[in-house]
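>>> with the input below, show me the fold.
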Amino acid sequence: MKMTVERGIRAFGSAAQFPRLTKFSLHPPKSVEACFDDGSVHTLSAEYLRIYSPAADSRIRSIAGEKVISGRQHVGIMSAEAVGNYGVRLHFDDLHRTGIFTWDYLYYLGSNKFSLMRQYITMLKKHGLSRDPSRRK
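Got it, this is the predicted structure:
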């Protein structure tokens, strides 16, 4: 899944220049809003951002060669930290905080939100996993 996203970013990025970010708003704990100079406004949920985090994560399982992250439907965003003038580091309540979301990557995620989320849910079903967190015993 992550490989598909990375290929998509390269293809999308090489075809056209990304619009510039004009506004970034954090709406804790559930979403961020990114506005761009082409007039697009993307509201991205915490779950969506967490599963497509650009960082390597030890909580990602590899099943049949696919990188799979599940159980993040109720994850929240605790805070955001600017990284230079090119991106933001999001701090999630599951203690994940190593991924830097560039403005270009946020634009890509926003522009492809429905197809990427559909792809993610299909992959979870294929492996018998759920968006809901597993219950602790």
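>>> quick one: the helices in this structure?
For the chain, the helices defined by DSSP state H cover 2-15, 46-51, 103-111, 113-126.
>>> which residue is the nearest non-sequential neighbour of the residue nearest to the spatial centre of the chain?
Residue closest to the average C-alpha location in the chain (C-alpha atoms, centre = their mean): L49, at 2.5 Å. What sits nearest to L49 in space, not counting adjacent residues and going by C-beta to C-beta, 6 or more residues apart in numbering, is L90, at 6.2 Å. Any C-beta I mention is one placed from the backbone N, CA and C, and that applies to glycine too.
>>> check contacts around that neighbour.
V32, L49, S53, I77, S79, A80, R97, G99, F101 (C-beta atoms under 8 Å, 6 or more residues apart in numbering).
>>> please check these and keep the buried ones.
With burial judged by 16 or more other C-beta atoms under 10 Å, the buried subset of the contacts of L90 is V32, L49, S53, I77, A80, G99, F101.
>>> which one in the residues you listed is the model shakiest on?
Checking pLDDT across the buried ones among the contacts of L90, the minimum falls on G99 at 84.
>>> check contacts around that residue.
By C-beta under 8 Å, 6+ apart, G99 lies in contact with S53, P54, A55, R89, L90.
>>> at 10 Å what do you get?
49-50, 52-57, 87-90, 92, 105 (C-beta atoms under 10 Å, 6 or more residues apart in numbering).
>>> return the subset of those lying in strands.
G87, V88, R89, L90, F92 (DSSP state E).
>>> tell me the pLDDT of I63.
On the pLDDT scale, I63 gets 66.
>>> surely the residue nearest to the centre of the chain touches V75?
Yes. Using C-beta atoms under 10 Å, L49 is in contact with V75, at 8.7 Å.
>>> identify the contacts common to those two.
F92, H96.
>>> least trustworthy helix or strand in the chain by mean pLDDT?
Here the helix or strand of the chain ranked lowest by mean pLDDT, DSSP states H and E is helix 2-15, holding a mean of 46.
>>> what residue ranges in the chain score low on pLDDT?
Flagging of the chain using pLDDT under 70 yields the residue ranges 1-16, 56-66, 135-137.
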